[in-house]
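Visitor: Here is a sequence together with a model predicted from it:
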Amino acid sequence: MPYVVKTQTLENYGAHDADGKFSSGNAYWKFKGGTDYIVSDVERPADAMAYVMAAHSQNCISMKSIPTEVMTLDAWEKELAALDGDYAVFLVEQAVKVSPLN
């Protein structure tokens, strides 16, 4: 069953002109966009989330990209149906199709 894993990206503005560390008082994190990953070839929601975390997330001083939600593809499509048509089309076009078998 395909699953959709949503991610959230955070950017550390403090890392652009300083060391970006909390201990230095230079951390300044802001929420940014995210990515929806359509994950196939997994059996459970937790497998989909773990795969995206391992293969498609980022964790460094200037940026973090973390999975925040997992749902079935059917549930994601129902969620999209409730949105404005143009925005729903945008989300579908931007979704990244992935598989641990590829």
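Guide: Thanks, I have it. Residues are numbered from 1 along each chain as shown.
Visitor: low-scoring stretches of this structure, by residue?
Guide: Within the chain, no stretch has pLDDT under 70.
Visitor: Show me where it has its strands.
Guide: Per DSSP state E, the chain carries strands over the ranges 3-12, 29-31, 36-39, 58-59, 63-72, 96-98.
Visitor: Of those, which is nearest residue 46?
Guide: strand 63-72 (7.7 Å; C-beta to C-beta). C-beta here means a position set from N, CA and C on the backbone, and glycine is covered the same way.
Visitor: just the angle between that closest one and strand 3-12, please?
Guide: Strand 63-72 runs at 160 degrees relative to strand 3-12, counting by axes from the mean of the first three to the mean of the last three C-alpha atoms, to 10 degrees.
Visitor: So which elements touch strand 63-72?
Guide: Packing partners of strand 63-72 (3 or more C-beta pairs under 8 Å, 6 or more residues apart in numbering; DSSP states H and E): strand 3-12, helix 45-56, strand 58-59.
Visitor: Each with direction, which strands does that strand pair with?
Guide: In the sheet, strand 63-72 lines up against strand 3-12 (antiparallel), strand 58-59 (antiparallel) (DSSP bridges).
Visitor: that older thread, next, format the strands of the chain as CSV and append distance to residue 81 and mean neighbour count.
Guide: What follows is the strands of the chain, written out as CSV (distance: least, C-beta to C-beta, whole Å; neighbours: other C-beta atoms under 10 Å):
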stretch, distance to residue 81, mean neighbour count
strand 3-12, 14, 20
strand 29-31, 26, 11
strand 36-39, 15, 21
strand 58-59, 31, 10
strand 63-72, 14, 16
strand 96-98, 20, 14
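Visitor: Dump those to TSV, plus distance to residue 83.
Guide: Shown next, in TSV, are the strands of the chain (distance: least, C-beta to C-beta, whole Å):
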stretch	distance to residue 83
strand 3-12	14
strand 29-31	20
strand 36-39	12
strand 58-59	27
strand 63-72	14
strand 96-98	19
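Visitor: which non-adjacent residue is nearest residue 64?
Guide: residue 10 (4.7 Å; C-beta to C-beta, 6 or more residues apart in numbering).
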